[in-house]
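S.K.: predicted model and sequence below, questions to follow.
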Amino acid sequence: MNIYVLLKKTFDTEEKITVSGGRIEDDSAEFIINPYDEYAVEEAIVQRDEHGGEVTVVTVGDEESEKQLRTALAMGADKAVLINTEEDIENGDQYTTAKILEAFFEDKEVDLILAGNVAIDEASGQVGPRLAALLDIPYVSTITSLKIDDDTASIEKDVEGDVEIIETSLPLLVTCQQGLNEPRYPSLPGIMKAKKKPLEEIEIDDLDLDEDDVEAKTKTVEVYLPPEKEAGKILEGEPADQVKELVSLLKNEKKVL
């Protein structure tokens, strides 16, 4: 099987993030593999081990994204591709990314593409479905189980607390989320092997794309941190008095009634 994983470098939201002038300060930010993409990497490795073939991880980003690609290789992926847009695209969006990936996959034989359900930085969940539409292949989002038999995939999909069972054909794109598997940690031998695994770097020009072809359809107006949580308030007295005070607070202070 020819299995591909769409990978994204994201901010580590567990670390302190500094915003200045409506932009995130990259110098002070820690970067990781988007956590939902780790489920995609793990599932790709599981499917390869069961059905044979190879796993290629692909990211659209800058040279710093090589670190995340090497981590995926250390987990067990076979090859990696960095589509470097650092010098060509300043402000791309999900449309931009999907168009770049469409050009990359144009001459590829694909059986399965996996991606994270959402990225934790923007959480749009658009790139996977957009790419599937451009490639004209089936896709299923938020999957929690994937079983493949020849050219048929049986999938369990999370639907707000319930499960939808879907059967479709390959080639196929799926987006992965928590519950699908438990991503492995890179082992020391895996880390050493990752240094020797192929990591190809290509540019926008290599994909025969012009800037106009991938011009963003949206614009980020402002980036800001959520307000700090206010301290809670404990109501005292008899239950009836507490209810009256709560209603008063909701009406006069929070303006929600």
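M.R.: Noted; the coordinates are in hand. Residues are numbered from 1 along each chain as shown.

S.K.: shouldn't Glu200 be within a strand?
M.R.: Yes: assessed with DSSP: H, G, I helix; E, B strand; the rest coil, Glu200 lies in a strand.

S.K.: not counting residues beside it along the chain, what's closest to it?
M.R.: Val81 (4.9 Å; CB to CB, 6 or more residues apart in numbering). (C-beta placed from N, C-alpha, C; glycine too.)

S.K.: what's around the closest residue to Asp151 other than its chain neighbours, how many residues?
M.R.: Closest residue to Asp151 apart from its sequence neighbours, by CB to CB, 6+ apart: Leu170 at 4.8 Å. Residues near Leu170, counting by other CB atoms under 10 Å, number 16.

S.K.: can I assume Leu170 is in contact with Ile148?
M.R.: Yes: assessed by CB atoms under 8 Å, Leu170 is found in contact with Ile148 at 7.3 Å.

S.K.: can you check which residues contact both of these two?
M.R.: Here Leu170 and Ile148 have Leu112 as joint contacts, going by CB atoms under 8 Å, 6 or more residues apart in numbering.

S.K.: helices of the stretch 101-250 of the chain, start to end?
M.R.: Using DSSP state H, counting those that start in this stretch, the helices found in the stretch 101-250 of the chain span residues 127-135, 188-194, 239-252.

S.K.: from Glu245, how far out is Asp208?
M.R.: Look at Asp208 and Glu245: by CB to CB, to the nearest Å, they are 67 Å apart.

S.K.: which one of those two is surrounded by more residues?
M.R.: Neighbours were counted for Asp208 and for Glu245 using other CB under 10 Å; Glu245 has more, 14 against 9.

S.K.: in the longest strand seen in the chain, which residues are buried?
M.R.: Longest strand in the chain by number of residues (criterion: DSSP state E): strand 139-149. Residues Tyr139, Val140, Ser141, Thr142, Ile143, Thr144, Leu146, Ile148 are the ones in strand 139-149 that count as buried (16 or more other CB atoms under 10 Å).
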